[in-house]
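Visitor: Model the structure of this input:
(2 chains)
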Protein chains: 2
Amino acid sequence: MTKPAITYSSSGVDLDAAQAHTSAISGLVRGGVTGFAGEVPLPEMTDPVVLAATDGVGTKLLLALEHGQVDGLGQDLVAMCVNDLVCAGAQPVAFLDYMAMGRLDPEQAPRIVRSIAAACEEAGCALVGGETAEMPGLYAAGHFDLAGFAIGAVERADLIGPHKVLVGDVVLGIPSSGLHSNGFSLVRRLLEAEALDVDPSVLLEPTRLYVADVLRLLGAGVEVHAAAHITGGGLPENLPRALADGMRAVLTADSWSTPEAIAAVLASERVDAEDAWRTFNMGLGMCLVMPEAAVERATELVPDARIVGAVEAGERGVSLA
Amino acid sequence: MTKPAITYSSSGVDLDAAQAHTSAISGLVRGGVTGFAGEVPLPEMTDPVVLAATDGVGTKLLLALEHGQVDGLGQDLVAMCVNDLVCAGAQPVAFLDYMAMGRLDPEQAPRIVRSIAAACEEAGCALVGGETAEMPGLYAAGHFDLAGFAIGAVERADLIGPHKVLVGDVVLGIPSSGLHSNGFSLVRRLLEAEALDVDPSVLLEPTRLYVADVLRLLGAGVEVHAAAHITGGGLPENLPRALADGMRAVLTADSWSTPEAIAAVLASERVDAEDAWRTFNMGLGMCLVMPEAAVERATELVPDARIVGAVEAGERGVSLA
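Guide: A predicted model of the protein is given here:
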């Protein structure tokens, strides 16, 4: 060769760092029957419905990076996916993560995977695989992105959803832990405008995992008809997905409390109420639809759940009364 | 309000564009039993092993963007995942994509999803879900990232892998279509150094899908013992994952041909042969391990497959003879 060699390492991809990362996380990822894919540990079921969901954590990631508080992102990532699965009554069984960055940070990357593994344990699913990609030129120094992928299973007879919902059912709201993982592009603009008087750690509170709550109810035979995970698009976009055509959820204003992070956004007086309503969970991260008769037992098992509204006949949607 | 309102739209997230995108791709994503997660269409099996794999397309994405040739990326994404699944003998059944970008391009984003859907169809799996995330501040204008998640299933008795491989088996190589989706950080450096005399479309040739090839062999009863998808790390890192301890693959130099893209990299004289060997697939995107007696039938069914080596006793690894 007459000119200096261009190596994979000099191209910005550090295979040794990748190897070190793989070693650091090896105990966290469950081994499988094959070296190329992860095994999904399906429970024994008569007629299983297998479900899959994918999501990311949005620009909450940038705020977490700005404040050096990335450890909650694993729970955010897992929660965004598994909370979707329990809306069908499914038990999450497996999780995979995709993490991409400009250059692998051998301290930060395993921290993220550890936080993912801890949240998987809490959600009762196995971390069965993942991909860590170095993509110099796509991500700025220190930046990364995360995508999660969760698989769950439920007996077909136990599926919950719009098909079970009846006019006259009530909506039981379970509080959110704060902003969860939506609306952060708006939140970051408010922070830039110095319009937000709140500690960043309050904004970064990890997304609540609702798996244990919902499965505890279902396991105890509480008649949960449907569930809605309230994410991007807020209550108006997500709650109707738990309703059938010709049904409308009418929520009672002030029947639930507003978490500090969302209160701070509203107090900024820079966000229109309608825009907030269509962006944030407003304090309800999970809504369950059930007969009123089931509520007493439900609130024994999930003490912070509250009746927040009812299902009425009408155009599919949500309104506030 | 005394100051102008900050809306979700003015924060760089365009919900109308997101809605338009969702409409544009709605026919491509299979509907499920629930509004929050996709249903994985599992085939009827006696004792199914369900497998999952995740991957991205690496910085091939940046080269594709630079040349306005993003339509092959869907096949790259799907192939990177489903080729891993068939290494266990599994039929891919479902796929989900995660696409993140700074600002949703209503022309480009559906193009990517269409290319993913087309590759899913070729691989025989259903596109059951996906996430399209706008993340202003993380991705530069026009940039995006892609992650894919695939789920497959195989009867436990039909699993292939290292447990079936015997010393004396041969390695049957199936040609790659070029670079596939690995080594592009190095390739882009070569292009920057003007060391690469090749048309970009040759470099961007989509990753070959090996699902039909491998499943055709298994379906015809050809005794495939194990398979290795040759991705990042090249033959030395991937082929041993199809071997058991105490086995070594000895490949015969010049027993397969080098695709134009990889030949161009080698001809640049800026890449060390050892580095190339550990970075690129070198022309073999899929290696199958099988008894020599099975080769005749195998090459009838996959005409471009060739014997490229054999399994010998020795330290687990790969060497070139």
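
Visitor: hang on, A:V224 packs against A:L217?
Guide: Yes: the pair A:V224 and A:L217 passes the contact test of Cβ atoms under 8 Å, sitting 5.4 Å apart. Where you see a C-beta, it was placed from the backbone N, CA and C, and this is true even at glycine.

Visitor: Okay, now the unreliable bits of the stretch 1-150 of chain A?
Guide: Applying pLDDT under 70 to the stretch 1-150 of chain A flags the ranges A:1-2, A:15, A:31-33.

Visitor: Settle it for me: which of A:V224 and A:L217 has more neighbours?
Guide: Legend: neighbour count by other Cβ atoms under 10 Å in any protein chain shown for A:V224 and A:L217, higher for A:L217 (25 against 20).

Visitor: Quickly find the element holding the more buried one.
Guide: helix A:211-219 (DSSP states H and E).

Visitor: Kindly report the same for A:E131.
Guide: Assessed by DSSP H and E, A:E131 sits inside strand A:126-134.

Visitor: Pull the helix or strand in which A:C287 is found out as PDB, backbone CA atoms only.
Guide: Assignment of secondary structure by DSSP H and E places A:C287 within strand A:284-290. Listed next in PDB are the C-alpha coordinates belonging to strand A:284-290 (Å, rounded to 0.1, in the frame of the first residue of the first chain):
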ATOM      1  CA  LEU A 284     -53.800   9.600  33.700                       C
ATOM      2  CA  GLY A 285     -51.200   7.200  32.200                       C
ATOM      3  CA  MET A 286     -53.600   4.200  32.000                       C
ATOM      4  CA  CYS A 287     -57.300   4.200  31.700                       C
ATOM      5  CA  LEU A 288     -59.300   1.000  32.400                       C
ATOM      6  CA  VAL A 289     -62.900   0.500  31.300                       C
ATOM      7  CA  MET A 290     -65.000  -1.800  33.500                       C
END
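
Visitor: now for that strand, which elements pack on it?
Guide: On a contact count with 3 or more Cβ pairs under 8 Å, 6 or more residues apart in numbering or on different chains; DSSP states H and E, strand A:284-290 meets strand A:170-175, helix A:211-219, strand A:226-229, helix A:234-238, strand A:306-313.

Visitor: If we use 7 Å, what do you get?
Guide: strand A:170-175, strand A:226-229 (3 or more Cβ pairs under 7 Å, 6 or more residues apart in numbering or on different chains; DSSP states H and E).

Visitor: Out of those strands, the one nearest A:S10 is which?
Guide: strand A:226-229 (44.9 Å; Cβ to Cβ).

Visitor: How about that closest one and chain B, any contact?
Guide: Yes: shown here: strand A:226-229 in contact with chain B (Cβ under 7 Å from any Cβ of the partner chain) through A:H229.

Visitor: mean confidence for that strand?
Guide: In this model, strand A:226-229 has an average pLDDT of 98.

Visitor: The stretch 151-300 of chain A against chain B: which residues are in contact?
Guide: Counting by Cβ under 7 Å from any Cβ, the stretch 151-300 of chain A comes close to chain B at A:151, A:159, A:161, A:185-186, A:189-190, A:193, A:229, A:241, A:269-272, A:275, A:279.

Visitor: Give me the buried subset of these.
Guide: Buried members of those, scored by 16 or more other Cβ atoms under 10 Å in any protein chain shown, are A:151, A:159, A:161, A:185-186, A:189-190, A:229, A:241, A:270-271, A:275, A:279.

Visitor: Those residues in helices, which ones?
Guide: Judged by DSSP state H, those include A:S185, A:L186, A:R189, A:L190, A:D275 as members of helices.

Visitor: Can you tell me which of those is closest to B:Y8?
Guide: Once Cβ to Cβ is applied, the member of these that ends up nearest B:Y8 is A:L186, at 5.0 Å.

Visitor: Verify the stated contact: that closest one with B:S10.
Guide: No: using Cβ atoms under 7 Å, A:L186 is not in contact with B:S10, being 8.4 Å away.
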